[in-house]
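Participant: Predicted model and sequence below, questions to follow.
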Amino acid sequence: MLLADYRPRPALVAKTTEVRRPRFPVIDAHNHLAEPFGGGWDQRPVSQLLDVLDEAGVRAYVDLDGGWGEHILQRHLDHFKAAAPERFRIFGGVDWSAWPEQGDRFGEWAAARLRAQAARGAEGLKIWKPFGLHVRDQHGALVTVDDARLDPLWATAGELRLPVMIHVADPVAFFWPLDAHNERWEELLAHPDWHFPSPPFPAFMTLMSQLADLVARHPPTTFIGAHVGCYAENLGWVGELLDRCPNFNVDIGARLAELGRQPYTARRFFIRYADRILFGTDLGADLAAYRLYYRFLETDDEYFNYDADEIPGQGRWHIYGLYLPDDVLEKVYYRNAERVVLRQQG
Ligand SMILES: [Zn+2]
C-alpha cells in the first residue's frame, strides 16, 4: 500500500457535541462572498444568503471581496449592503498594479483611492498576501511590508477609522523546502503556487518582522492580523505583538487546524487576549463550517476532524475543543468586532 492511500480511522471513543447555533450572536469578521473563497454569492439572491446567516446565528458579515477599484466595490455595495445594510460590511483593497505608473507617490495615490472607496461605502481595507511576496515597485524591486512609501495609506486608514485586515506570508511550512519533513507536503503538491521557498521569496520571519514594524509604526491605525496574526503556529510570537501594539487584533479565519492542535496554549491565548480576537471562518457562508467553529470554541470534544474531507486539508491531524468561558466567547463572537469592525463604542 502506498502511504498516500493510508486512511487510518481513530478507534478512540470520544463524544461528539452538535452545536447548531452559537452561544451568542456572531459577527463574522473574516469572510468572502465572491469566488474563489466566498461561494459566488454575488451571483445569487441575497435572501438565500441571509437565510444561511440567520440559521448560523451570524448577525453581521464582513465581505473582504470589495476589490481594488470602484467597480467591484460598487457591485458588492449594491448587491449586499443595499439589501441588508446592518448585515454586511464591505472592505476595499489596494490596486498594486498602479505602482510602476505612480512610482514613489504610490502611497499618496493609494491613500486617495482609499478615501474614494470610503466615500462610496467601504468600511475597511483588505490587504491580500501578494503584499510582501509579489508586489513590486517602479524599479521592479519587491515592496517590503514596512515600506515607508506606504505610510500615507496606513495613516489615511487610521484617520478614516477604517480597520486594516492584513494578511502577509502564509503557513510556515509553505516557506519550507518541499521535502519529506514538510507537514503540508500533500497540500503543496496539489497547489504548487502556494509554495514560497526562500530564495527567491523573503524568509517567513522576515515578513513577520516587517509586519510587526508596520503595526508598531502606526499606532492610530487599527490592524487585524488575518489568520491569527499571520502566525498561528507560534501564539507566543502573536501574543508578544499584541502586548506591544494595542492597535493590533487578530482573527481566527481558516486556522482551526493550527489552534486546535495546541489546545492548552490556544485556550490560554484566547483567555489572555479575549479583547483582541475576532471570530471569522474564511470559509464562505457555510453552515457546516460555522458549526465546526462553534464546536471548537464551545465544547471540550476531543480529537475531531477540522475538515469535511476524510484527509483534512491543512495537515493530517485532528483537533480538540477549547470550551471557552462565556465571557470570552461573547467577546470573540461579537463584542470585539463591534468595536474594531463596526466601530461602535463600548
Ligand atoms: Zn480570507
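Facilitator: Everything's here; your move. Residues are numbered from 1 along each chain as shown.

Participant: which non-adjacent residue is nearest residue 277?
Facilitator: Leaving aside its chain neighbours, residue 277 sits nearest to residue 332 (5.1 Å; criterion: Cβ to Cβ, 6 or more residues apart in numbering). Yep, even glycine has a C-beta here, placed from its N, CA and C like the rest.

Participant: Doesn't the one you found lie inside a helix?
Facilitator: Yes. With DSSP: H, G, I helix; E, B strand; the rest coil as the criterion, residue 332 is located in a helix.

Participant: per-residue confidence for it?
Facilitator: Looking at residue 332, its pLDDT is 98.

Participant: what's near enough to touch it?
Facilitator: Taking Cβ atoms under 8 Å, 6 or more residues apart in numbering, we find residue 332 in contact with 252, 270, 274, 277, 278, 279, 297, 324.

Participant: Report pLDDT for the third one.
Facilitator: We have a pLDDT of 98 for residue 274.

Participant: swap in residue 346?
Facilitator: Per the predicted model, pLDDT is 49 at residue 346.

Participant: right, and residue 187 touches residue 313 too?
Facilitator: Yes. At 6.2 Å, residue 187 and residue 313 qualify as touching, with contact defined as Cβ atoms under 8 Å.

Participant: Could I get the full set of strands for this protein?
Facilitator: 26-31, 58-63, 88-90, 125-127, 164-166, 223-225, 248-251, 277-278 (DSSP state E).

Participant: Averaged pLDDT, the third one. What do you get?
Facilitator: Regarding strand 88-90, the rounded mean pLDDT is 98.

Participant: one step back: any idea which of the contacts of residue 332 is the one closest to residue 53?
Facilitator: residue 279 (13.2 Å; Cβ to Cβ).

Participant: follow-up on the earlier one: I'd like the strands of the chain laid out as JSON lines, including distance to residue 194 and mean neighbour count.
Facilitator: Listed next are those as JSON lines, based on distance: least, Cβ to Cβ, whole Å; neighbours: other Cβ atoms under 10 Å:
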{"stretch": "strand 26-31", "distance to residue 194": "19", "mean neighbour count": "28"}
{"stretch": "strand 58-63", "distance to residue 194": "23", "mean neighbour count": "25"}
{"stretch": "strand 88-90", "distance to residue 194": "27", "mean neighbour count": "26"}
{"stretch": "strand 125-127", "distance to residue 194": "18", "mean neighbour count": "27"}
{"stretch": "strand 164-166", "distance to residue 194": "19", "mean neighbour count": "25"}
{"stretch": "strand 223-225", "distance to residue 194": "19", "mean neighbour count": "28"}
{"stretch": "strand 248-251", "distance to residue 194": "20", "mean neighbour count": "27"}
{"stretch": "strand 277-278", "distance to residue 194": "24", "mean neighbour count": "28"}
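
Participant: Residue 83: neighbouring residues, count only.
Facilitator: 14 (other Cβ atoms under 10 Å).

Participant: ugh, wrong one, residue 136
Facilitator: Residue 136 has 14 neighbouring residues, counting by other Cβ under 10 Å.

Participant: Could you check how far the closest residue to it other than its chain neighbours is from residue 134?
Facilitator: Of all residues not flanking residue 136 in the chain, residue 142 sits nearest, at 5.9 Å (Cβ to Cβ, 6+ apart). Distance check for residue 142 against residue 134: by Cβ to Cβ, to the nearest Å, it reads 8 Å.
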